[in-house]
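In: What shape does this take:
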Amino acid sequence: MDGAERIDRAPARQPRIVILGGGAIGSVLAAAVARKEGQQAILIGRRDHVRAINGNGLTVDGMFAAPVSLEAREQVDFPLDDALLIVTVKAGGLEAALTDVGPFLRSTTAVLLLQNGLGIRDLALEALQGTAVPASHIFIGIVAMGVTFIAPGEVRCFGGNIRVEPAFAATPFFDLLSDLPVKVEKSRDIARDLWTKLLVNAVINPLSVLLQGHNRLVAEARFDPLKEPILAEGCAVAAAEGVPLTIDAAFVNRFVTSDNITSMLQDFRRGRPSEIGFINGAIVAAGKKHGISTPVNEYLVAMIRALEALRT
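Out: Model (predicted):
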């Protein structure tokens, strides 16, 4: 029996959930899983964050009153038999992270990718070529949560949910993520959800950096003239990709339900590379493929990269 068949039934042993990426999203998810009775969660993160968690637990402001006790490590150095590997590293670090973990993957491992942007599955498939995990065990999901990394051992959650593709929802691993403080649900239309999230991100993320403001500021109607041309280009490209959408500035403003700081602004302030190439850059790339001009999104990509260069 091959791995692709074995994932369709219950794992042979008590499964583990390993979260690869100890940023805000990965930390919130790891804490939520660790609080579920009988479920084991291991968070893979940076040294200072790992040491803080192993010493004093993980504080999740807005979700749990007390620190959550869970296991944290700096790297995967153990076989991932019958394990669910949830990858929450940023898109720019995905290839390197998967390459590092490749030797520990098994035919019974399931990989759930939770990155922003387009082309994530293709990037993962290329990085995992030659490993034991079958391509049919690599899944994608969409994170719609407001989260902020405060300090080593502490994050803040403003609420939200995660949607996963139907193929993952059909596996036994999906049940491991049920009844969590973070709602994990099956997407009815994963392509539509991916493009909707992409277009919202294409507005909120770069504008938050340019305006140096929290989400509620970016969502103010006075900035709608900046949002509409970004969305018009994005909707045209999405339609060419077979995903017709009608998204305007008012939709984006309603989408913002918390006053957190975008991941792009958090990365910018911490001196880390942004995901602009996987967000607005993905719109530009898809537009070129279909012969659709995207000058506004091209300008945003250029502006963010220029600011990053000046920052360094």
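In: how about the nearest residue to Ala239, chain neighbours excluded?
Out: Here the nearest residue to Ala239 in space, its sequence neighbours aside, is Leu245; by Cβ to Cβ, 6 or more residues apart in numbering that works out to 7.2 Å. Where you see a C-beta, it was placed from the backbone N, CA and C, and this is true even at glycine.
In: list the buried ones in the longest strand anywhere in the chain?
Out: Taking DSSP state E as the criterion, the chain has its longest strand at strand 138-151. Judged by neighbour count using 16 or more other Cβ atoms under 10 Å, the buried positions of strand 138-151 are Ile138, Phe139, Ile140, Gly141, Ile142, Val143, Ala144, Met145, Gly146, Val147, Thr148, Phe149.
In: Any chance of TSV for those residues, columns distance to Ile162 and pLDDT?
Out: Formatted as TSV, the entries for the buried residues of strand 138-151 read as follows, by distance: Cβ to Cβ, whole Å; pLDDT from 0 to 100:
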residue	distance to Ile162	pLDDT
Ile138	17	97
Phe139	12	98
Ile140	11	97
Gly141	6	97
Ile142	7	95
Val143	5	94
Ala144	7	89
Met145	7	88
Gly146	13	87
Val147	11	90
Thr148	17	90
Phe149	18	93
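In: Would you reformat the residues you listed as CSV and include distance to Leu58?
Out: Rendered in CSV, the data for the buried residues of strand 138-151 read as follows (distance: Cβ to Cβ, whole Å):
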residue, distance to Leu58
Ile138, 27
Phe139, 25
Ile140, 26
Gly141, 21
Ile142, 23
Val143, 18
Ala144, 21
Met145, 16
Gly146, 18
Val147, 13
Thr148, 14
Phe149, 11
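In: Looking at the residues you listed, which two lie furthest apart in space?
Out: When the buried residues of strand 138-151 are compared pair by pair using Cβ to Cβ, the two farthest from each other are Ile138 and Thr148, 28.6 Å apart.
In: which secondary structure elements does the longest strand of the chain contact?
Out: In terms of contact count using 3 or more Cβ pairs under 8 Å, 6 or more residues apart in numbering; DSSP states H and E, strand 138-151 is assigned the packing partners helix 24-34, strand 110-113, helix 120-127, strand 154-164, helix 166-169, helix 190-211.
In: so after the first one, what's the next helix or strand?
Out: I take that to be helix 24-34. strand 40-44 (DSSP states H and E).
In: what packs against the next helix-or-strand element following that next one?
Out: The first helix or strand that comes after strand 40-44 along the chain, using DSSP H and E, is helix 47-56. Contacts defined by 3+ Cβ pairs under 8 Å, 6+ apart place helix 47-56 against strand 71-73.
In: what's the neighbour count on Arg311?
Out: One way to gauge burial is a neighbour count; for Arg311, by other Cβ atoms under 10 Å, it gives 9.
In: Any idea how many residues pack against the closest residue to it other than its chain neighbours?
Out: Setting aside the residues directly before and after it, Arg311 is nearest to Gly271 in space (Cβ to Cβ, 6+ apart), at 6.6 Å. Using other Cβ under 10 Å, Gly271 has 9 other residues around it.
In: what do you get for the one 4 residues further on?
Out: Around Glu275 sit 23 other residues, with neighbours defined as other Cβ under 10 Å.
In: Unless I'm misreading it, it sits right up against Met264, doesn't it?
Out: Yes - between Glu275 and Met264 a contact is recorded at 6.5 Å, counting by Cβ atoms under 8 Å.
In: Need the residues touching each of the two.
Out: The contact sets of Glu275 and Met264 overlap at Asn205 (Cβ atoms under 8 Å, 6 or more residues apart in numbering).
In: Against Thr262, how distant is the spatially closest residue to Gly26 that is not a sequence neighbour?
Out: Nearest non-adjacent residue to Gly26, counting by Cβ to Cβ, 6+ apart: Thr88, 3.6 Å away. In this view, Thr88 and Thr262 are 16 Å apart by Cβ to Cβ, to the nearest Å.
In: between these two, which one's more packed in?
Out: A direct count of neighbours by other Cβ under 10 Å for Thr88 and Thr262 places Thr88 higher, at 27 against 23.
In: so who does that one touch?
Out: Thr88 sits next to Ile19, Leu20, Gly21, Gly23, Ile25, Gly26, Leu29, Leu114, Gln115, Val143 when contact means Cβ under 8 Å, 6+ apart.
In: For it, what are phi and psi?
Out: Taking degrees, to the nearest 10, you get phi -120, psi 10 for the backbone angles of Thr88.
In: With Gly281 instead?
Out: Residue torsions, per degrees, to the nearest 10, at Gly281 are phi -60, psi -30.
In: Look up how far Glu95 lies from it.
Out: Between Gly281 and Glu95 the distance is 16 Å, computed by Cβ to Cβ.
In: Can you tell me the SS state at Ala309?
Out: helix (DSSP: H, G, I helix; E, B strand; the rest coil).
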